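Enquirer: Provided below for reference: sequence and predicted model.
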Amino acid sequence: MTVEDLLVEGKSSIHSDHAKILLAELLNLNPLEMLLHLDDKVENDTITKYRNEVRALLNGKPLQYVMGYTNFYGNKFIVNESVLIPRFETEELVENLINYINKYFKESIDIIDLGTGSGAIGITLKKKIPLSNVDLLDISKDALEVAKKNADNMNAEVNLIEGDMLESVDKKYDVIVSNPPYIKTGEEIEKIVEKNEPHLALYAGEDGLLFYKKILKKINKNLKDKFIVAFEIGSDEKENVIKLVNKYMKDVTIIPKKDMSEKDRMIFIISNNLINE
Ligand code: GLN
């Protein structure tokens with residue numbers, strides 16, 4: 001069978017762009033280059049892999065898991081069913097945080113990414129703020145394995161920590177960042193997300209606030225005098241998370257931000273002595 005035959009076959013059941021992306025990846029070509037090879041014969045094991053991937057997509061598996069990677073902030077991150085697929089909103093969290101870090105810190109800083117999953121947030125920060133020491137923490141060994149592969153692939157020197165948020169971490173940080181689980185138990189979410197992505201990375205109790213509480217209760221012991229904390233939040237959680245921050249933290253400025261769909265999505269907490277310096 002030729003490249004063209006397989007594209008036609010794929011397009012009969014899945015979106016033509018998906019057929020192109022999957023086949024191009026298997027052939028180690030980009031989709032445009034592949035169009036110059038439409039008459040090439042494809043090896044049998046590539047045909048088998050391609051058909052399995054088309055079937056997996058048809059069965060409702062997310063494209064990113066089928067391909068085994070996704071793009072985040074310009075880099076390719078390996079993903080599998082042990083980690084959440086990094087979202088565009090999380091790129092915005094990282095973008096804003098990088099801007100704050102560059103504004104307020106000039107020297108080497110210590111950063112921890114709580115619930116790192118694929119490592120997308122922490123590894124991106126390490127690449128963009130090379131003078132930083134970055135710890136990636138997750139409770140899931142399988143997630144840490146994915147994060148390690150991503151760090152190695154990107155030559156990012158980071159430390160991996162297996163742990164339950166800040167429970168057993170002693171170190172003090174300049175920056176704490178987290179996109180924790182924040183979906184309420186029983187909340188309706190997209191079927192493809194609910195069926196495929198790790199519930200460990202999604203659900204956060206009846207009110208969706210479990211992990212903000214858990215982190216904020218312990219956070220003061222892990223912060224230096226001058227700090228930035230950045231959280232991704234659920235779009236209806238802004239007021240509640242701000243209340244929690246005010247309950248557990250002092251002398252801070254709280255800056256909520258919306259994502260590009262105009263939904264409340266991030267909260268930045270900056271120590272006042274950093275802002276006033
Ligand atoms: N933003 C994700 C979603 O909507 C949820 C991520 C999370 O709970 N941290 O599926």
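Expert: Looks like it arrived, so ask away.
Enquirer: Strands along the stretch 151-277 of the chain, start to end?
Expert: Remark: strands assigned in the stretch 151-277 of the chain by DSSP state E, counting those that start in this stretch are 158-162, 173-178, 223-232, 252-258, 264-271.
Enquirer: Tell me who's in contact with the nearest residue to residue 141 once chain neighbours are set aside.
Expert: Nearest residue to residue 141 in three dimensions, chain neighbours excluded: residue 162, at 6.3 Å (C-beta to C-beta, 6 or more residues apart in numbering). Glycine gets a C-beta too; all of them are placed from N, C-alpha and C. The contact partners of residue 162, by C-beta atoms under 8 Å, 6 or more residues apart in numbering, come to 137-139, 141, 144.
Enquirer: Output stretch 44-59 as PDB - backbone C-alpha positions only.
Expert: Listed next in PDB are the C-alpha coordinates belonging to stretch 44-59 (Å, rounded to 0.1, in the frame of the first residue of the first chain):
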ATOM      1  CA  ASN A  44       3.900  -3.600   6.700                       C
ATOM      2  CA  ASP A  45       4.600  -2.900  10.400                       C
ATOM      3  CA  THR A  46       4.000   0.900   9.800                       C
ATOM      4  CA  ILE A  47       0.600   0.000   8.200                       C
ATOM      5  CA  THR A  48      -0.300  -2.100  11.200                       C
ATOM      6  CA  LYS A  49       0.700   0.700  13.600                       C
ATOM      7  CA  TYR A  50      -1.200   3.300  11.600                       C
ATOM      8  CA  ARG A  51      -4.400   1.100  11.600                       C
ATOM      9  CA  ASN A  52      -4.100   0.600  15.400                       C
ATOM     10  CA  GLU A  53      -3.800   4.300  15.900                       C
ATOM     11  CA  VAL A  54      -6.800   5.000  13.700                       C
ATOM     12  CA  ARG A  55      -8.800   2.500  15.700                       C
ATOM     13  CA  ALA A  56      -7.700   4.000  19.000                       C
ATOM     14  CA  LEU A  57      -8.900   7.400  17.800                       C
ATOM     15  CA  LEU A  58     -12.200   5.900  16.700                       C
ATOM     16  CA  ASN A  59     -12.500   4.400  20.100                       C
END
